[in-house]
Structures are given as C-alpha cells and as structure tokens.
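Colleague: sequence and predicted structure are below.
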Amino acid sequence: VQLVESGGGMVPPGGSLRLSCAASGFLFSRSELSWIRQSPGKGPEWVSTCFTGGYSPYYADSVKGRFTCSRDNAKNTLYLQMNSLKPEDTALYYCARGGGSERSMPPREYWGQGTQVTVSS
C-alpha cells in the first residue's frame, strides 16, 4: 500500500486548499478511503471517509459543510477540497486506506506520510 499526499500549504483564514492523495498497491476502486489530521500536541482526528459505490462521504462535525471528499477511481486519486479554512484546521493531513469515524480510524500502517496545512494570517 502506497499513499502520497500533496497540495498542502499556508493560507489565510477563509481561504481554500485542495489536497490530493495518489494511491497504489491495492484495489483503489473497491476501497474505502479516509482523511485524518493531526495537530501539534494532539492525537489524530478523523476528518472524512469516502466510500465506494457512490455513497455519500461522512464528515467530522468540525469540518461538515466546509470540506468535501471525492475520488477519481480512473486516476487512483483521493481529494479533499477544503473551504472556509480556520486556524484550528492547521494540521498534518493524511490519507488512509480504510473507513473511519469519530471513534475509529484505519491502522497507522495504512496511512500516507502527510501534507502540512497551515491556516494563518
């Protein structure tokens, strides 16, 4: 399993970013995929899960209405569109193979290396 995130950066509050996650080494189109983030000094936080079969993604309450998870199975790529960013969204963002929720997340060995998002004026 290989997952490579990109698209992070520094944006002012209210700004937008689109993260990408290029996947290989497993059957992408049949896999649930998640976004997880970790801020300095805090534990990992599940953000979103994109399902197969056209089901709508799930989101953490903290990002609902601002973030959108999507996938392109032809390109083996997962996306996270982040709008109306807040300073509290600052974190290292990981994509992961597997589903999650606010009480669980995929095993650490199924995560990528992460991409840094910093929201600051």
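Modeller: Noted; the coordinates are in hand.
Colleague: which of the helices or strands spans the residue most central in space within the chain?
Modeller: Note on the chain: the residue nearest the mean C-alpha position is residue 35, at 2.6 Å, using CA atoms, centre = their mean. Taking DSSP states H and E as the criterion, residue 35 maps to strand 33-38.
Colleague: just the C-alphas of the helix or strand that that strand is followed by, formatted as CSV.
Modeller: Counting by DSSP H and E, the next helix or strand C-terminal to strand 33-38 is strand 45-50. Listed next in CSV are the C-alpha coordinates belonging to strand 45-50 (Å, rounded to 0.1, in the frame of the first residue of the first chain):
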residue,chain,number,x,y,z
GLU,A,45,-8.5,13.3,14.3
TRP,A,46,-10.6,11.5,11.7
VAL,A,47,-11.8,14.0,9.2
SER,A,48,-13.8,12.2,6.4
THR,A,49,-14.3,8.9,4.7
CYS,A,50,-15.1,8.4,1.0
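Colleague: give me the angle between strand 45-50 and strand 33-38.
Modeller: Strand 45-50 runs at 160 degrees relative to strand 33-38, counting by axes from the mean of the first three to the mean of the last three CA atoms, to 10 degrees.
Colleague: what lines up beside the next helix or strand after strand 45-50 in the sheet?
Modeller: On the C-terminal side of strand 45-50, the closest following helix or strand by DSSP H and E is strand 58-59. Strand partners for strand 58-59, identified by DSSP bridges, are recorded as strand 45-50 (antiparallel).
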